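Chemist: turn this into a model:
(chains A and B)
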2 protein chains.
Amino acid sequence: MQNATIELLLNHRSIRKFKKQPLTDDQINLLVACAQAASTSSFTQSYSIIGVEDPSIKKQLSEISDQPYVDENGYFFVFVADQYRNKTIGDQNGADTAVLDTTQRLIVALGDAAFAAQNMAVAAESMGLGICYIGSIQRDIDRTAKLLKLPEYTFPVFGLAVGYPDQRPEKKPRLPRTSIFHKNQYNAESRNEELNEYDRRIEEYYHTRSGGQRKETWTGQITRGLGLPARMALKPFLEKQHLGRR
Amino acid sequence: MQNATIELLLNHRSIRKFKKQPLTDDQINLLVACAQAASTSSFTQSYSIIGVEDPSIKKQLSEISDQPYVDENGYFFVFVADQYRNKTIGDQNGADTAVLDTTQRLIVALGDAAFAAQNMAVAAESMGLGICYIGSIQRDIDRTAKLLKLPEYTFPVFGLAVGYPDQRPEKKPRLPRTSIFHKNQYNAESRNEELNEYDRRIEEYYHTRSGGQRKETWTGQITRGLGLPARMALKPFLEKQHLGRR
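Modeler: Sure thing, here's the model as predicted:
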(Lines give C-alpha, C1' and ligand atoms only; values in the text may rest on other atoms or scores of the structure.)
Protein backbone atom coordinates (compact mmCIF):
# COMPACT_ATOMS: atom_id res chain seq x y z
CA MET A 1 0.00 0.00 0.00
CA GLN A 2 2.98 2.28 0.55
CA ASN A 3 3.69 4.74 -2.23
CA ALA A 4 5.57 8.02 -2.72
CA THR A 5 2.59 10.17 -1.66
CA ILE A 6 1.98 8.23 1.55
CA GLU A 7 5.66 8.37 2.39
CA LEU A 8 5.57 12.13 1.84
CA LEU A 9 2.52 12.57 4.10
CA LEU A 10 4.03 10.46 6.87
CA ASN A 11 7.28 12.45 6.72
CA HIS A 12 5.77 15.88 7.21
CA ARG A 13 7.49 18.26 9.56
CA SER A 14 6.94 22.01 9.78
CA ILE A 15 9.81 24.22 8.63
CA ARG A 16 10.54 27.43 10.49
CA LYS A 17 13.76 28.48 8.74
CA PHE A 18 13.88 28.95 4.99
CA LYS A 19 16.63 29.79 2.50
CA LYS A 20 16.40 33.21 0.86
CA GLN A 21 15.51 31.72 -2.55
CA PRO A 22 12.08 32.95 -3.64
CA LEU A 23 9.55 30.72 -5.37
CA THR A 24 9.11 31.17 -9.12
CA ASP A 25 5.79 32.21 -10.66
CA ASP A 26 5.44 28.71 -12.10
CA GLN A 27 5.84 27.19 -8.66
CA ILE A 28 3.33 29.63 -7.15
CA ASN A 29 0.75 28.97 -9.85
CA LEU A 30 1.14 25.22 -9.56
CA LEU A 31 0.69 25.43 -5.78
CA VAL A 32 -2.50 27.46 -6.26
CA ALA A 33 -3.79 24.98 -8.86
CA CYS A 34 -3.25 22.11 -6.40
CA ALA A 35 -5.07 24.08 -3.68
CA GLN A 36 -7.99 24.70 -6.03
CA ALA A 37 -8.26 21.00 -6.89
CA ALA A 38 -9.26 20.13 -3.32
CA SER A 39 -12.83 19.24 -2.36
CA THR A 40 -15.12 22.17 -1.67
CA SER A 41 -18.48 22.07 0.10
CA SER A 42 -21.39 21.94 -2.39
CA PHE A 43 -18.91 23.21 -5.03
CA THR A 44 -19.17 26.73 -3.55
CA GLN A 45 -15.38 27.32 -3.50
CA SER A 46 -15.90 29.55 -0.48
CA TYR A 47 -12.32 30.66 0.08
CA SER A 48 -9.66 32.94 -1.35
CA ILE A 49 -5.90 32.88 -1.27
CA ILE A 50 -3.78 35.99 -0.96
CA GLY A 51 -0.21 35.82 -2.18
CA VAL A 52 1.70 38.36 -0.14
CA GLU A 53 4.64 39.68 -2.16
CA ASP A 54 4.82 43.31 -1.06
CA PRO A 55 7.77 43.48 1.40
CA SER A 56 6.04 46.07 3.56
CA ILE A 57 2.89 43.94 3.98
CA LYS A 58 4.96 40.85 4.70
CA LYS A 59 6.96 42.76 7.29
CA GLN A 60 3.80 43.95 9.01
CA LEU A 61 2.25 40.47 9.02
CA SER A 62 5.48 39.23 10.54
CA GLU A 63 5.13 41.83 13.32
CA ILE A 64 1.52 40.84 13.94
CA SER A 65 2.43 37.16 14.06
CA ASP A 66 5.63 37.73 15.99
CA GLN A 67 7.31 35.10 13.78
CA PRO A 68 10.35 36.03 11.64
CA TYR A 69 9.59 33.28 9.09
CA VAL A 70 6.40 35.08 8.05
CA ASP A 71 8.77 37.55 6.42
CA GLU A 72 11.72 35.27 5.67
CA ASN A 73 10.59 32.50 3.31
CA GLY A 74 10.19 31.68 -0.37
CA TYR A 75 6.57 32.87 -0.50
CA PHE A 76 3.77 33.72 1.89
CA PHE A 77 0.11 32.84 1.36
CA VAL A 78 -2.89 33.83 3.45
CA PHE A 79 -5.97 31.63 3.32
CA VAL A 80 -9.27 33.42 3.66
CA ALA A 81 -12.70 31.96 4.45
CA ASP A 82 -14.74 33.79 1.84
CA GLN A 83 -18.50 34.25 1.44
CA TYR A 84 -18.00 37.67 -0.18
CA ARG A 85 -17.85 36.18 -3.68
CA ASN A 86 -21.15 34.41 -3.07
CA LYS A 87 -22.61 37.63 -1.65
CA THR A 88 -21.65 39.55 -4.80
CA ILE A 89 -23.14 36.88 -7.07
CA GLY A 90 -26.34 36.74 -5.04
CA ASP A 91 -26.68 40.52 -5.07
CA GLN A 92 -26.16 40.69 -8.82
CA ASN A 93 -28.91 38.13 -9.29
CA GLY A 94 -31.27 39.87 -6.90
CA ALA A 95 -31.27 36.93 -4.47
CA ASP A 96 -31.85 37.02 -0.72
CA THR A 97 -28.33 36.49 0.70
CA ALA A 98 -29.32 36.28 4.37
CA VAL A 99 -28.13 32.67 4.64
CA LEU A 100 -24.51 33.80 4.24
CA ASP A 101 -24.34 35.07 7.81
CA THR A 102 -25.18 31.67 9.34
CA THR A 103 -22.83 29.46 11.33
CA GLN A 104 -23.26 26.80 8.66
CA ARG A 105 -21.77 29.06 6.00
CA LEU A 106 -18.92 30.12 8.26
CA ILE A 107 -18.01 26.50 8.97
CA VAL A 108 -18.21 25.63 5.27
CA ALA A 109 -15.89 28.50 4.36
CA LEU A 110 -13.38 27.56 7.08
CA GLY A 111 -13.39 23.98 5.78
CA ASP A 112 -12.92 24.99 2.15
CA ALA A 113 -9.97 27.22 3.11
CA ALA A 114 -8.36 24.42 5.13
CA PHE A 115 -8.82 21.72 2.44
CA ALA A 116 -7.22 24.02 -0.13
CA ALA A 117 -4.37 24.91 2.20
CA GLN A 118 -3.59 21.32 3.11
CA ASN A 119 -3.52 20.37 -0.56
CA MET A 120 -1.04 23.19 -1.13
CA ALA A 121 1.06 22.04 1.82
CA VAL A 122 1.26 18.51 0.42
CA ALA A 123 2.04 19.82 -3.08
CA ALA A 124 4.80 22.06 -1.72
CA GLU A 125 6.44 19.21 0.17
CA SER A 126 6.27 17.00 -2.92
CA MET A 127 8.28 19.70 -4.72
CA GLY A 128 11.00 19.61 -2.06
CA LEU A 129 9.72 22.74 -0.34
CA GLY A 130 8.87 23.13 3.33
CA ILE A 131 5.84 24.74 4.91
CA CYS A 132 4.62 26.23 8.16
CA TYR A 133 1.06 27.25 9.02
CA ILE A 134 0.80 30.62 10.74
CA GLY A 135 -2.30 30.90 12.92
CA SER A 136 -0.84 33.93 14.66
CA ILE A 137 -1.84 36.34 11.88
CA GLN A 138 -4.96 36.40 14.10
CA ARG A 139 -3.06 37.99 16.99
CA ASP A 140 -4.32 41.33 15.65
CA ILE A 141 -7.15 40.25 13.38
CA ASP A 142 -8.35 43.79 12.66
CA ARG A 143 -4.92 44.94 11.54
CA THR A 144 -4.45 41.82 9.39
CA ALA A 145 -7.82 42.35 7.71
CA LYS A 146 -7.05 46.02 7.07
CA LEU A 147 -3.60 45.25 5.66
CA LEU A 148 -5.07 42.72 3.23
CA LYS A 149 -8.09 44.93 2.44
CA LEU A 150 -10.49 42.13 3.35
CA PRO A 151 -14.14 42.97 2.64
CA GLU A 152 -17.12 41.91 4.74
CA TYR A 153 -17.99 38.19 4.62
CA THR A 154 -14.31 37.24 4.72
CA PHE A 155 -12.06 35.96 7.52
CA PRO A 156 -8.28 35.38 7.36
CA VAL A 157 -7.85 31.90 8.83
CA PHE A 158 -4.10 31.34 8.67
CA GLY A 159 -0.98 32.03 6.70
CA LEU A 160 1.18 29.43 5.00
CA ALA A 161 4.89 30.12 4.73
CA VAL A 162 6.52 28.14 1.92
CA GLY A 163 10.13 27.89 0.86
CA TYR A 164 13.34 25.92 0.59
CA PRO A 165 14.07 24.40 4.01
CA ASP A 166 17.15 25.67 5.84
CA GLN A 167 16.74 23.21 8.71
CA ARG A 168 15.95 19.53 9.11
CA PRO A 169 13.87 19.09 12.26
CA GLU A 170 12.99 15.66 13.59
CA LYS A 171 9.49 14.34 12.99
CA LYS A 172 7.23 15.16 15.93
CA PRO A 173 5.54 12.02 17.26
CA ARG A 174 1.76 12.14 17.13
CA LEU A 175 -0.70 10.89 19.75
CA PRO A 176 -1.17 7.11 19.84
CA ARG A 177 -3.72 6.12 17.21
CA THR A 178 -6.22 4.98 19.82
CA SER A 179 -6.25 8.46 21.40
CA ILE A 180 -7.45 10.00 18.13
CA PHE A 181 -9.30 7.17 16.45
CA HIS A 182 -12.53 5.84 17.94
CA LYS A 183 -14.61 2.95 16.69
CA ASN A 184 -18.32 3.65 16.13
CA GLN A 185 -18.74 5.99 19.06
CA TYR A 186 -16.60 8.49 20.91
CA ASN A 187 -14.65 6.85 23.69
CA ALA A 188 -14.53 9.42 26.49
CA GLU A 189 -12.65 7.22 28.98
CA SER A 190 -9.49 8.80 30.30
CA ARG A 191 -6.36 7.31 28.78
CA ASN A 192 -3.79 8.08 31.42
CA GLU A 193 -1.50 5.15 30.78
CA GLU A 194 -1.41 5.79 27.05
CA LEU A 195 -0.84 9.50 27.58
CA ASN A 196 1.89 8.92 30.16
CA GLU A 197 3.81 6.88 27.65
CA TYR A 198 3.27 9.53 24.98
CA ASP A 199 4.43 12.22 27.41
CA ARG A 200 7.73 10.39 27.80
CA ARG A 201 8.19 10.29 24.03
CA ILE A 202 7.50 14.01 23.64
CA GLU A 203 9.76 14.86 26.56
CA GLU A 204 12.53 13.01 24.80
CA TYR A 205 11.73 14.72 21.50
CA TYR A 206 12.00 18.21 23.03
CA HIS A 207 15.10 17.22 24.96
CA THR A 208 16.84 16.16 21.75
CA ARG A 209 15.56 19.09 19.68
CA SER A 210 16.61 21.68 22.24
CA GLY A 211 19.93 20.10 23.17
CA GLY A 212 18.66 19.46 26.69
CA GLN A 213 17.22 22.99 27.15
CA ARG A 214 13.51 22.23 26.92
CA LYS A 215 11.84 19.91 29.38
CA GLU A 216 8.16 19.52 28.60
CA THR A 217 5.63 16.72 28.21
CA TRP A 218 2.69 16.84 25.81
CA THR A 219 0.04 17.06 28.52
CA GLY A 220 2.25 19.68 30.19
CA GLN A 221 2.27 21.70 26.98
CA ILE A 222 -1.52 21.36 26.61
CA THR A 223 -2.01 22.51 30.21
CA ARG A 224 0.36 25.45 29.77
CA GLY A 225 -1.52 26.43 26.59
CA LEU A 226 -4.74 26.74 28.59
CA GLY A 227 -3.14 29.63 30.48
CA LEU A 228 -2.08 31.62 27.40
CA PRO A 229 -4.13 34.74 26.57
CA ALA A 230 -6.96 33.93 24.15
CA ARG A 231 -7.66 35.99 21.05
CA MET A 232 -10.90 37.53 22.25
CA ALA A 233 -11.17 39.81 19.20
CA LEU A 234 -12.14 36.95 16.87
CA LYS A 235 -15.81 36.73 17.80
CA PRO A 236 -16.54 40.48 17.46
CA PHE A 237 -14.51 40.51 14.24
CA LEU A 238 -16.61 37.68 12.75
CA GLU A 239 -19.77 39.49 13.83
CA LYS A 240 -18.56 42.66 12.09
CA GLN A 241 -17.81 40.61 8.97
CA HIS A 242 -21.38 39.18 8.92
CA LEU A 243 -20.07 35.66 9.53
CA GLY A 244 -21.55 33.09 11.92
CA ARG A 245 -24.04 35.59 13.30
CA ARG A 246 -26.76 33.00 13.79
CA MET B 1 8.05 20.38 -11.05
CA GLN B 2 5.40 17.81 -11.91
CA ASN B 3 5.50 14.63 -9.87
CA ALA B 4 3.16 11.77 -8.96
CA THR B 5 1.72 13.56 -5.93
CA ILE B 6 0.94 16.76 -7.84
CA GLU B 7 -0.65 14.75 -10.62
CA LEU B 8 -2.78 12.99 -8.02
CA LEU B 9 -3.90 16.26 -6.41
CA LEU B 10 -4.78 17.81 -9.76
CA ASN B 11 -6.82 14.76 -10.73
CA HIS B 12 -9.10 14.70 -7.73
CA ARG B 13 -12.78 14.09 -8.28
CA SER B 14 -15.31 13.10 -5.64
CA ILE B 15 -16.71 9.58 -5.84
CA ARG B 16 -20.36 8.98 -5.01
CA LYS B 17 -20.65 5.32 -5.97
CA PHE B 18 -18.39 2.69 -4.42
CA LYS B 19 -17.90 -1.03 -4.91
CA LYS B 20 -19.02 -3.27 -2.04
CA GLN B 21 -15.42 -4.21 -1.16
CA PRO B 22 -14.64 -3.06 2.41
CA LEU B 23 -11.29 -1.55 3.39
CA THR B 24 -8.88 -3.77 5.34
CA ASP B 25 -7.69 -2.91 8.85
CA ASP B 26 -4.24 -2.19 7.41
CA GLN B 27 -5.71 0.30 4.95
CA ILE B 28 -7.78 1.97 7.68
CA ASN B 29 -4.82 2.27 10.02
CA LEU B 30 -2.58 3.68 7.30
CA LEU B 31 -5.24 6.26 6.40
CA VAL B 32 -5.49 7.30 10.05
CA ALA B 33 -1.69 7.52 10.32
CA CYS B 34 -1.60 9.84 7.29
CA ALA B 35 -4.36 11.98 8.81
CA GLN B 36 -2.43 12.22 12.06
CA ALA B 37 0.73 13.33 10.24
CA ALA B 38 -0.92 16.60 9.13
CA SER B 39 -0.08 19.95 10.71
CA THR B 40 -1.97 20.78 13.89
CA SER B 41 -2.31 24.18 15.53
CA SER B 42 0.23 24.63 18.36
CA PHE B 43 0.61 20.83 18.38
CA THR B 44 -2.73 20.53 20.22
CA GLN B 45 -4.11 17.78 17.92
CA SER B 46 -7.60 19.13 18.62
CA TYR B 47 -9.62 16.61 16.62
CA SER B 48 -10.82 13.03 16.71
CA ILE B 49 -11.77 10.56 14.02
CA ILE B 50 -14.61 8.10 14.39
CA GLY B 51 -14.52 5.00 12.22
CA VAL B 52 -18.13 3.99 11.75
CA GLU B 53 -18.35 0.23 11.25
CA ASP B 54 -21.60 -0.65 12.99
CA PRO B 55 -24.15 -1.17 10.18
CA SER B 56 -26.98 0.33 12.23
CA ILE B 57 -25.06 3.54 12.96
CA LYS B 58 -23.98 3.83 9.31
CA LYS B 59 -27.57 3.35 8.19
CA GLN B 60 -28.79 6.07 10.53
CA LEU B 61 -26.06 8.50 9.43
CA SER B 62 -27.08 7.77 5.87
CA GLU B 63 -30.69 8.70 6.74
CA ILE B 64 -29.54 11.92 8.41
CA SER B 65 -27.37 12.83 5.42
CA ASP B 66 -29.91 11.64 2.87
CA GLN B 67 -27.01 10.18 0.84
CA PRO B 68 -26.87 6.43 0.08
CA TYR B 69 -23.06 6.43 -0.19
CA VAL B 70 -22.78 7.22 3.53
CA ASP B 71 -23.91 3.63 3.99
CA GLU B 72 -22.56 2.08 0.78
CA ASN B 73 -18.80 2.46 0.69
CA GLY B 74 -15.57 0.78 1.76
CA TYR B 75 -15.40 2.64 5.06
CA PHE B 76 -16.93 5.70 6.69
CA PHE B 77 -15.06 8.18 8.88
CA VAL B 78 -16.45 11.11 10.84
CA PHE B 79 -14.09 13.98 11.65
CA VAL B 80 -14.73 15.71 14.94
CA ALA B 81 -13.44 19.09 16.14
CA ASP B 82 -12.36 18.12 19.63
CA GLN B 83 -11.44 20.21 22.66
CA TYR B 84 -12.75 17.52 25.02
CA ARG B 85 -9.35 15.82 25.24
CA ASN B 86 -7.76 19.13 26.21
CA LYS B 87 -10.56 19.73 28.72
CA THR B 88 -9.90 16.37 30.40
CA ILE B 89 -6.15 17.00 30.56
CA GLY B 90 -6.69 20.49 31.97
CA ASP B 91 -9.12 19.21 34.60
CA GLN B 92 -6.75 16.44 35.66
CA ASN B 93 -4.01 19.01 36.14
CA GLY B 94 -6.27 21.42 38.03
CA ALA B 95 -5.97 24.09 35.32
CA ASP B 96 -8.50 26.78 34.44
CA THR B 97 -9.99 25.51 31.16
CA ALA B 98 -12.17 28.56 30.42
CA VAL B 99 -10.21 29.34 27.24
CA LEU B 100 -11.60 26.20 25.56
CA ASP B 101 -14.98 27.83 24.98
CA THR B 102 -13.54 30.68 22.89
CA THR B 103 -14.02 31.20 19.16
CA GLN B 104 -10.27 30.87 18.76
CA ARG B 105 -10.31 27.31 20.08
CA LEU B 106 -13.30 26.39 17.95
CA ILE B 107 -11.57 27.64 14.80
CA VAL B 108 -8.37 25.81 15.73
CA ALA B 109 -10.24 22.54 16.22
CA LEU B 110 -12.13 22.92 12.92
CA GLY B 111 -8.82 23.53 11.16
CA ASP B 112 -7.09 20.56 12.77
CA ALA B 113 -9.97 18.28 11.75
CA ALA B 114 -9.90 19.57 8.17
CA PHE B 115 -6.10 19.26 7.76
CA ALA B 116 -6.26 15.67 9.01
CA ALA B 117 -9.20 14.84 6.74
CA GLN B 118 -7.60 16.31 3.64
CA ASN B 119 -4.41 14.34 4.31
CA MET B 120 -6.53 11.21 4.56
CA ALA B 121 -8.34 12.09 1.32
CA VAL B 122 -5.03 12.47 -0.51
CA ALA B 123 -3.67 9.25 1.00
CA ALA B 124 -6.81 7.35 -0.01
CA GLU B 125 -6.62 8.54 -3.60
CA SER B 126 -2.94 7.62 -3.76
CA MET B 127 -4.00 4.06 -2.81
CA GLY B 128 -6.47 3.93 -5.72
CA LEU B 129 -9.45 4.63 -3.49
CA GLY B 130 -12.06 7.34 -3.97
CA ILE B 131 -13.49 9.75 -1.41
CA CYS B 132 -16.45 12.00 -0.81
CA TYR B 133 -16.86 14.51 2.00
CA ILE B 134 -20.26 14.45 3.67
CA GLY B 135 -21.21 17.80 5.22
CA SER B 136 -24.81 16.69 5.48
CA ILE B 137 -24.24 14.67 8.67
CA GLN B 138 -25.06 18.13 10.09
CA ARG B 139 -28.62 18.03 8.73
CA ASP B 140 -29.63 16.72 12.16
CA ILE B 141 -26.62 17.64 14.26
CA ASP B 142 -28.20 16.61 17.55
CA ARG B 143 -29.05 13.14 16.29
CA THR B 144 -25.57 12.71 14.78
CA ALA B 145 -23.93 13.73 18.05
CA LYS B 146 -26.14 11.37 20.05
CA LEU B 147 -25.50 8.47 17.67
CA LEU B 148 -21.73 8.94 17.96
CA LYS B 149 -21.92 9.62 21.73
CA LEU B 150 -20.08 12.89 21.33
CA PRO B 151 -19.25 14.58 24.64
CA GLU B 152 -19.25 18.32 25.31
CA TYR B 153 -16.45 20.32 23.64
CA THR B 154 -16.78 18.27 20.44
CA PHE B 155 -18.43 18.98 17.09
CA PRO B 156 -18.88 16.56 14.16
CA VAL B 157 -17.64 18.57 11.17
CA PHE B 158 -18.09 16.16 8.26
CA GLY B 159 -17.95 12.56 7.22
CA LEU B 160 -15.54 11.07 4.72
CA ALA B 161 -16.76 8.14 2.65
CA VAL B 162 -13.86 6.05 1.29
CA GLY B 163 -13.86 3.05 -0.99
CA TYR B 164 -13.15 1.51 -4.36
CA PRO B 165 -14.68 3.76 -7.04
CA ASP B 166 -17.57 2.32 -9.04
CA GLN B 167 -17.79 5.35 -11.32
CA ARG B 168 -15.39 7.60 -13.20
CA PRO B 169 -16.77 11.13 -13.14
CA GLU B 170 -15.17 13.93 -15.16
CA LYS B 171 -12.99 16.42 -13.34
CA LYS B 172 -15.05 19.45 -12.29
CA PRO B 173 -13.44 22.65 -13.57
CA ARG B 174 -12.48 25.07 -10.81
CA LEU B 175 -12.86 28.86 -10.82
CA PRO B 176 -10.26 30.73 -12.87
CA ARG B 177 -7.12 31.19 -10.79
CA THR B 178 -7.54 34.97 -10.68
CA SER B 179 -10.99 34.60 -9.05
CA ILE B 180 -9.45 32.76 -6.09
CA PHE B 181 -5.90 34.07 -5.97
CA HIS B 182 -5.25 37.71 -5.09
CA LYS B 183 -1.90 39.48 -4.99
CA ASN B 184 -1.06 41.35 -1.78
CA GLN B 185 -4.58 42.55 -1.08
CA TYR B 186 -8.09 41.27 -1.67
CA ASN B 187 -9.40 42.33 -5.05
CA ALA B 188 -13.12 43.00 -4.53
CA GLU B 189 -13.82 44.15 -8.09
CA SER B 190 -16.59 42.21 -9.78
CA ARG B 191 -15.32 39.74 -12.36
CA ASN B 192 -18.30 39.35 -14.60
CA GLU B 193 -16.44 38.56 -17.79
CA GLU B 194 -14.31 35.91 -16.12
CA LEU B 195 -17.33 34.40 -14.38
CA ASN B 196 -19.42 34.39 -17.56
CA GLU B 197 -16.78 32.34 -19.28
CA TYR B 198 -16.58 30.00 -16.30
CA ASP B 199 -20.37 29.67 -16.29
CA ARG B 200 -20.22 28.39 -19.88
CA ARG B 201 -17.64 25.77 -18.88
CA ILE B 202 -19.70 24.54 -15.96
CA GLU B 203 -22.88 24.50 -18.04
CA GLU B 204 -21.08 22.25 -20.50
CA TYR B 205 -19.74 20.06 -17.69
CA TYR B 206 -23.23 19.46 -16.25
CA HIS B 207 -24.67 18.96 -19.71
CA THR B 208 -22.14 16.20 -20.43
CA ARG B 209 -22.38 14.62 -16.96
CA SER B 210 -26.17 14.48 -16.98
CA GLY B 211 -26.55 13.45 -20.62
CA GLY B 212 -28.26 16.76 -21.39
CA GLN B 213 -30.62 16.61 -18.37
CA ARG B 214 -29.03 19.26 -16.16
CA LYS B 215 -28.75 22.85 -17.33
CA GLU B 216 -27.05 25.00 -14.74
CA THR B 217 -24.24 27.56 -14.59
CA TRP B 218 -21.93 28.01 -11.62
CA THR B 219 -23.30 31.39 -10.60
CA GLY B 220 -26.78 29.92 -11.10
CA GLN B 221 -25.91 27.11 -8.71
CA ILE B 222 -24.48 29.56 -6.16
CA THR B 223 -27.63 31.68 -6.37
CA ARG B 224 -29.91 28.64 -6.04
CA GLY B 225 -27.88 27.54 -2.99
CA LEU B 226 -28.69 30.84 -1.27
CA GLY B 227 -32.34 29.80 -1.24
CA LEU B 228 -31.81 26.38 0.35
CA PRO B 229 -32.83 26.03 4.02
CA ALA B 230 -29.89 26.72 6.34
CA ARG B 231 -28.96 24.45 9.24
CA MET B 232 -30.01 26.79 12.00
CA ALA B 233 -29.38 24.17 14.71
CA LEU B 234 -25.58 24.50 14.43
CA LYS B 235 -25.16 27.63 16.52
CA PRO B 236 -27.28 26.44 19.47
CA PHE B 237 -25.57 23.05 19.24
CA LEU B 238 -22.10 24.65 19.46
CA GLU B 239 -23.29 26.74 22.38
CA LYS B 240 -24.50 23.60 24.16
CA GLN B 241 -21.14 21.94 23.47
CA HIS B 242 -19.26 24.88 25.08
CA LEU B 243 -17.64 25.78 21.75
CA GLY B 244 -17.20 29.29 20.34
CA ARG B 245 -19.23 30.81 23.13
CA ARG B 246 -17.14 33.99 23.24
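Chemist: could you pull out the strands for chain A?
Modeler: Chain-ordered strands for chain A, with DSSP state E as the definition, fall at A:47-52, A:75-82, A:130-134, A:154-163, A:181-183.
Chemist: so who does the nearest residue to residue A:171 once chain neighbours are set aside touch?
Modeler: The spatial neighbour of residue A:171 that comes closest, neighbours along the chain excluded (C-beta to C-beta, 6 or more residues apart in numbering or on different chains), is residue A:13 at 5.3 Å. Where you see a C-beta, it was placed from the backbone N, CA and C, and this is true even at glycine. By C-beta atoms under 8 Å, 6 or more residues apart in numbering or on different chains, the contact set of residue A:13 is A:130, A:169-172.
Chemist: of the residues you listed, buried ones?
Modeler: A:130, A:172 (16 or more other C-beta atoms under 10 Å in any protein chain shown).
Chemist: would you map the helices across chain A?
Modeler: Chain-ordered helices for chain A, with DSSP state H as the definition, fall at A:4-10, A:25-36, A:55-65, A:84-92, A:103-126, A:141-147, A:177-180, A:192-209, A:218-226, A:234-240.
Chemist: residues of the third one that come out buried?
Modeler: For helix A:55-65, burial by neighbour count (16+ other C-beta under 10 Å) applies to A:57-58, A:60-62, A:64-65.
Chemist: show me the subset of those residues that also lies near chain B.
Modeler: With C-beta under 8 Å from any C-beta of the partner chain as the criterion, the buried residues of helix A:55-65 include residue A:57 near chain B.
Chemist: near chain B at all, stretch A:216-231?
Modeler: Yes - judged by C-beta under 8 Å from any C-beta, stretch A:216-231 comes into contact with chain B through A:218-219, A:221-223, A:225-228, A:230-231.
Chemist: do you know how far residue A:237 is from chain B?
Modeler: Distance of residue A:237 to chain B, computed by C-beta to the nearest C-beta, to the nearest Å: 9 Å.
Chemist: burial of that residue, as a residue count?
Modeler: A count of neighbours around residue A:237, defined by other C-beta atoms under 10 Å in any protein chain shown, yields 19.
Chemist: surely it touches residue A:145?
Modeler: Yes - using C-beta atoms under 8 Å as the test, residue A:237 is close enough to residue A:145 to be in contact (7.2 Å).
Chemist: residue A:16 - how many residues pack around it?
Modeler: 17.
Chemist: OK, contacts around it?
Modeler: When contacts are counted by C-beta under 8 Å, 6+ apart, residue A:16 touches A:67, A:69, A:132, A:167, A:169.
Chemist: show me the contacts for the residue nearest to the fourth one when sequence neighbours are not counted.
Modeler: Distance criterion C-beta to C-beta, 6+ apart; nearest residue to residue A:167, sequence neighbours excluded, is residue A:17 at 4.4 Å. By C-beta under 8 Å, 6+ apart, the contact set of residue A:17 is A:69, A:72, A:165-167.
Chemist: distance of residue A:17 relative to residue A:73?
Modeler: Shown here: residue A:17 relative to residue A:73, a distance of 9 Å by C-beta to C-beta, to the nearest Å.
Chemist: one more: residue A:210?
Modeler: Relative to residue A:73, residue A:210 is positioned 23 Å away (C-beta to C-beta).
Chemist: with residue A:130 instead?
Modeler: As judged by C-beta to C-beta, residue A:130 and residue A:73 stand 9 Å apart.
Chemist: now do the shared contacts for the two.
Modeler: Common contacts of residue A:130 and residue A:73 (C-beta under 8 Å, 6+ apart): A:18, A:162-163.
Chemist: most neighbours among those, please name it.
Modeler: Most surrounded of these: other C-beta under 10 Å gives residue A:162, at 26 neighbours.
Chemist: residues in contact with that residue?
Modeler: Under the criterion of C-beta under 8 Å, 6+ apart, the contact list for residue A:162 reads A:23, A:31, A:73-77, A:120, A:124, A:129-131.
Chemist: adding pLDDT and distance to chain B, write the residues you listed out as a markdown table.
Modeler: Formatted as a markdown table, the contacts of residue A:162 follow (pLDDT from 0 to 100; distance: C-beta to the nearest C-beta, whole Å):
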| residue | pLDDT | distance to chain B |
| --- | --- | --- |
| A:23 | 98 | 10 |
| A:31 | 98 | 9 |
| A:73 | 98 | 15 |
| A:74 | 98 | 13 |
| A:75 | 98 | 11 |
| A:76 | 98 | 10 |
| A:77 | 99 | 9 |
| A:120 | 99 | 9 |
| A:124 | 98 | 10 |
| A:129 | 98 | 10 |
| A:130 | 98 | 11 |
| A:131 | 98 | 8 |
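Chemist: highest neighbour count among those?
Modeler: When neighbours are taken as other C-beta under 10 Å, the top entry among the contacts of residue A:162 is residue A:73 (32 neighbours).
Chemist: check contacts around residue A:112.
Modeler: Neighbouring residues of residue A:112 by C-beta under 8 Å, 6+ apart: A:38, A:40-41, A:44-47, A:81.
Chemist: ok, which of the residues you listed also contact chain B?
Modeler: For chain B, the contacts drawn from those by C-beta under 8 Å from any C-beta are A:38, A:41, A:44-45, A:47.
Chemist: out of the contacts of residue A:17, which comes closest to residue A:95?
Modeler: Within the contacts of residue A:17, the smallest distance to residue A:95 is 42.5 Å, found for residue A:69 (C-beta to C-beta).
Chemist: residue A:76 is in contact with residue A:28, correct?
Modeler: No - in this structure residue A:28 lies outside contact range of residue A:76 using C-beta under 8 Å: 10.7 Å.
Chemist: which neighbours do these two have in common?
Modeler: Counting by C-beta under 8 Å, 6+ apart, the contacts common to residue A:28 and residue A:76 are residue A:51.
Chemist: I'd say residue A:19 and residue A:167 touch.
Modeler: No - assessed by C-beta under 8 Å, residue A:19 is found out of contact with residue A:167, at 9.9 Å.
Chemist: those two: which has the busier surroundings?
Modeler: Set side by side, residue A:19 and residue A:167 show unequal neighbour counts under other C-beta under 10 Å, the larger going to residue A:19 at 14 against 11.
Chemist: count the neighbours of the residue lying closest to the more buried one once chain neighbours are set aside for me.
Modeler: Using C-beta to C-beta, 6+ apart and skipping residues adjacent in sequence, the residue nearest residue A:19 is residue A:164, 4.2 Å away. Other residues within reach of residue A:164, judged by other C-beta under 10 Å, total 17.
Chemist: contacting residues for residue A:164?
Modeler: Taking C-beta under 8 Å, 6+ apart, we find residue A:164 in contact with A:18-19, A:21, A:74, A:128-130.
Chemist: apply 10 Å and report the result again.
Modeler: A:15, A:18-23, A:73-74, A:127-130 (C-beta atoms under 10 Å, 6 or more residues apart in numbering or on different chains).
Chemist: widest-spaced pair of those residues?
Modeler: Across the contacts of residue A:164 (C-beta to C-beta), the longest gap, 17.5 Å, separates A:20 and A:127.
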